[in-house]
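# Next comes the sequence, and after it the predicted model I'd like to discuss.
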Amino acid sequence: MSRLPVMSFKRVLTSNTSENGQDFEPSQKKMRMKVEPVKPQAAATVIGGKRPPVAATRAPLSKSVKGAGAATVAAGPSRGVLKPSVSSTAAKGGNMKQPTGAKAGGAGARRNPWDLRGKVSDMEDKIQNYQVKFKSVNQENEVLKGSMALSQTRAAEMERELETQRSQISEYQKELQALLGVREKLEKVSSEFSSLESKYKAMEALRETQELELQTLKITVSAQESTVNRLQANLRVKEEEVTALQATVSQQRDELHAGEMERRRLHNAIQELKGNIRVFCRVRPLVAGGLSHHIQLSGSDDKSITLAKTEESHTGKTTDTQKNYNFSFDRVFGPQASQQEVFEEISLLVQSALDGYNVCCFAYGQTGSGKTYTMEGDEFDETRGVIPRAVQQIFKAADKLAAQGWEFTFTASFVEIYNETLRDLLHTGKSVKKPDLDIRKTTNNEVTITNLTYKKVSTEDQVLGLIALANQNRSTAQTAQNDRSSRSHSVFQLDIEGVNVGRDVKCKSTLCLVDLAGSERMVKSQSQGERFKEMTAINGSLSNLGIVITALANKESYIPYRNSKLTYLLQGCLGGNSKTLMFVNIAPEPDSFAESLNSLRFASKVNDCVIGTASANRK
């Protein structure tokens, strides 16, 4: 069987265009380009004007068909629209020319396989029918679109009308509720009106009764007016008495202020009689308990102490001799003395700080003799030392003086002298950024420290918190004599400023509490390296302190305060306008005999020192 070439439809569809302006030429070009061989199929038939299934509309426009000696060309609708077949057109009565060579027998007769021209003519007729059908469908689509737009517009209008009706219904419901409420109120008013009528009748009866009571009250008021006049006369008498009492109170306040000033004067006189430099001696108890035999305390005298030492005979012919070293101080505390007992002896001196006098108290002694315990103590109330007890007394006394018009301002600072270098114990920043501290004297000849941290305090707890911070920052180390030996001199200062506005009186003073580093010998402490350097600095500063005190005792014209940072800082307390108290602490162990003897000799020099009479810093 021979194959015939597929004919092109270019002759038929070169100028066809739909009513909507769509050009079918691209689809025709696709038909020319995409020609695939297919099996021969019967022409699509539209029955009753209905469209065939969708699957039938997706057939290619042109295919070559294997047949018995002839080629058949079938064209599909453009853009997926199926056109009616030639046979269906003929069935509808269309005037179609029957191609030449077609078999007789009606519209459904098949052409001869060799009649290609007739088949092409049939396909052209089908395409024209499809195009007419497509135009009519597009027109119907446009009409439907317009109808749909009108329907949507009408639906929107209906929605708006529905919303309007709903809002009106809602308003009507609200008005109905309001009318129901008005009806209920009207019924309530009606019932109330009935009750008011009955009440009005009762009030009429009550009015008549009250008119009678009013007449009675007028008589009573007349009697009360006479009583008020009598009370007003008594009130004038009482006011005169109050005025007299106020004058008495003012006079008593003046007398109280004068009494306070007299108390301060007498208190200061007593302290001066005791000495502006006083020395107390305190003996630490033995760690294992018991009494030390080489330290003797008098049972009847609390101001003397004796160190006894047994010396061997140098010739060997005589018996051993006992050598006694006797010392006398303002007060000597034995091993059994409590912290409260020790503080009671200096409480009057602490009171002088509030009276406007500079007060200094420092502890001296060898390492491990109990200096820190005396000055700071432990955290329990019974074992608290001088510093926390002094702070407590200061704030309690300030509260009592507030009733007399005094107002006090307190400023605290804490500094240590370590290896002849000043350190700020209240500094909370990084250690590498600590500013340098230096001792300066103001124009008023007062000693101050530059770049030192000064904290405003108003309660006892704030001061105790600063003391705890300072103890954490203080330099300590372990030696052969003490597991935790203080390697520096710590100086706590509380600056006090008081003002009595009503009396136009001001006072300013400083309470200075010092815990000196322990004196020690290299043989006993076994200090090496850094510890040896610390020991040398400590002993050097304590030696300079002894030199300054000796110069003061001898009333020399030049006092070498600048020989050490310690004496330079304490010069206002040692030789200036101040009251000074020194604790000399003694270790009771026999192997500490030499250090105890040196400490007592140093304390005796301080006790013999006499400085000028202190005066209050008042304005």
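Cool, the structure landed. If you're wondering where the values come from, they're calculated on a predicted model, not measured in any experiment.

# rest of the way, CA atoms for contacts and neighbours
Will do.

# quick check: mean pLDDT across the helix or strand residue 144 falls within?
Element membership for residue 144, per DSSP states H and E: helix 116-274. For helix 116-274, the mean pLDDT works out to 87.

# Begin at 15 from now on, thanks
All right, first residue 15 from here; so that's helix 130-288.

# Quick check: can you name the pairing partners of whichever helix or strand comes after that helix and their directions?
Sequence order places strand 291-297 as the next helix or strand after helix 130-288, per DSSP H and E. If you go by DSSP bridges, strand 291-297 pairs up with strand 345-347 (parallel), strand 592-600 (parallel).

# ok, back up a step: elements contacting the helix holding residue 158?
Contact here means 3 or more C-alpha pairs under 8 Å, 6 or more residues apart in numbering; DSSP states H and E; on that basis helix 130-288 packs against helix 100-105, helix 361-368.

# if I look at the spatially most central residue of the chain, how far off is residue 293?
Of all residues in the chain, the one closest to the mean position by C-alpha atoms, centre = their mean is residue 442, 18.0 Å from it. Distance of residue 442 to residue 293, given as C-alpha to C-alpha, to the nearest Å: 36 Å.

# Could you chop the chain up by domain?
Annotated domains of the chain cover 17-178, 289-622 [automatic domain parsing].

# gap between the longest one and the chain center?
Domain 289-622 has its C-alpha centroid displaced from the chain centroid by 39 Å (C-alpha atoms, centre = their mean, to the nearest Å).

# coming back round to it: rank the strands paired with strand 291-297 by pLDDT, which is bottom?
Comparing mean pLDDT over the strands paired with strand 291-297, the weakest stretch is strand 592-600, at a mean of 88.

# immediately after that one, which helix or strand?
Next helix or strand after strand 592-600 toward the C-terminus (DSSP H and E): helix 607-622.

# Tell me the helices and strands packed up against that following helix.
Counting by 3+ C-alpha pairs under 8 Å, 6+ apart, helix 607-622 packs on strand 291-297, strand 335-342, strand 372-379, helix 544-567, strand 592-600.

# circling back to that earlier point, residue 234: which of the strands paired with strand 291-297 is closest?
For residue 234, the closest of these is strand 592-600, at 75.5 Å, according to C-alpha to C-alpha.

# tilt between the closest one and helix 607-622?
Angle, strand 592-600 to helix 607-622, by axes from the mean of the first three to the mean of the last three C-alpha atoms, to 10 degrees: 160 degrees.

# what's next to strand 592-600, contact-wise?
For strand 592-600, contacts defined as C-alpha atoms under 8 Å, 6 or more residues apart in numbering pick out 290-298, 363, 371-380, 383-385, 586-588, 610, 613-614, 617, 628-629.

# now with 7 Å?
With contact meaning C-alpha atoms under 7 Å, 6 or more residues apart in numbering, strand 592-600 is reached by 290-298, 371-379, 383-385, 586-588, 610, 613, 617, 628.

# Same question for stretch 554-574.
With C-alpha under 7 Å, 6+ apart, stretch 554-574 has contacts from 575, 577-578, 580-581, 616, 619-620, 622-624.

# distance of residue 389 from residue 558?
From residue 389 to residue 558 the distance is 22 Å (C-alpha to C-alpha).

# These two: which is more packed in?
Higher neighbour count among residue 389 and residue 558: residue 389, with 25 against 19, using other C-alpha atoms under 10 Å.

# ok, that one - contacts?
Here residue 389 is in contact with 399-401, 529 (C-alpha under 7 Å, 6+ apart).

# Repeat the analysis, applying 8 Å as the threshold.
Contact analysis of residue 389 by C-alpha under 8 Å, 6+ apart lists 376-377, 399-401, 527-529.

# So residue 382 versus residue 600, what's the distance?
Where residue 600 is concerned, residue 382 sits at a distance of 9 Å (C-alpha to C-alpha).

# swap in residue 135?
Taken as C-alpha to C-alpha, the span from residue 135 to residue 600 is 142 Å.

# Using CSV, write out the CA atom coordinates for stretch 208-217.
This file holds the C-alpha atoms of stretch 208-217, laid out as CSV (Å, rounded to 0.1, in the frame of the first residue of the first chain):
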residue,chain,number,x,y,z
SER,A,208,-48.8,55.0,96.4
SER,A,209,-46.2,54.3,99.1
LEU,A,210,-45.3,58.0,99.1
GLU,A,211,-48.8,59.0,99.8
SER,A,212,-48.9,56.8,102.8
LYS,A,213,-45.5,58.1,103.9
TYR,A,214,-46.7,61.7,103.4
LYS,A,215,-49.5,61.0,105.9
ALA,A,216,-47.0,59.5,108.3
MET,A,217,-44.7,62.5,107.9
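
# related to what we said a few turns ago, where among the helices and strands packed on helix 130-288 is average confidence lowest?
Taking the mean pLDDT of the helices and strands packed on helix 130-288, helix 100-105 comes last: a mean of 39.

# on that earlier part again, neighbour-wise, which of residue 382 and residue 600 wins?
Under the criterion of other C-alpha under 10 Å, the comparison of residue 382 against residue 600 puts residue 600 first, with 29 against 22.

# burial count for the closest residue to that one other than its chain neighbours?
Distances taken as C-alpha to C-alpha, 6 or more residues apart in numbering place residue 297 nearest to residue 600, at 4.8 Å, with adjacent residues excluded. Residue 297 sits with 23 neighbouring residues when counted by other C-alpha under 10 Å.

# now swap in the one 4 residues further on and tell me
Burial of residue 301, expressed as a neighbour count using other C-alpha under 10 Å, amounts to 8.

# Can you tell me the SS state at it?
Following DSSP: H, G, I helix; E, B strand; the rest coil, the label given to residue 301 is coil.

# Angles on the backbone of it, please.
phi -60, psi -40 (degrees, to the nearest 10).

# One more: residue 574?
Here is the backbone geometry of residue 574 (degrees, to the nearest 10): phi -80, psi 70.

# how near is it to residue 459?
16 Å.

# More neighbours: which of those two?
residue 574 (18 against 10).

# quick one: which of the contacts of residue 389 is nearest residue 450?
residue 528 (21.2 Å).

# what packs against the helix or strand where that closest one lies?
According to DSSP H and E, residue 528 maps onto strand 519-529. Taking 3+ C-alpha pairs under 8 Å, 6+ apart as contact, the helices and strands that strand 519-529 lies on are helix 361-368, strand 372-379, helix 385-389, strand 503-514.

# low-scoring pLDDT stretches of the stretch 365-514 of the chain, where are they?
Residue ranges of the stretch 365-514 of the chain with pLDDT under 70: 445-446, 489-500.

# How are the helices of it distributed by residue range?
Ranges of helices in the stretch 365-514 of the chain, per DSSP state H, counting those that start in this stretch, are 385-389, 400-416, 474-487.

# could these go into CSV alongside distance to residue 318?
Putting these into CSV (distance: least, C-alpha to C-alpha, whole Å) gives the following:
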stretch, distance to residue 318
helix 385-389, 20
helix 400-416, 22
helix 474-487, 33
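
# Kindly compare burial across these and name the winner.
The densest packing among the helices of the stretch 365-514 of the chain, expressed as mean neighbour count by mean count of other C-alpha atoms under 10 Å, is seen in helix 385-389 with a mean of 24.

# Could you export that helix as CSV, CA atoms only?
Output of helix 385-389 as CSV, limited to C-alpha atoms (Å, rounded to 0.1, in the frame of the first residue of the first chain):
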residue,chain,number,x,y,z
LYS,A,385,45.1,43.0,119.1
THR,A,386,42.6,42.3,116.4
TYR,A,387,40.3,40.5,118.8
THR,A,388,40.4,43.6,121.1
MET,A,389,39.6,46.0,118.3
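
# Kind regards, and thank you for your time.
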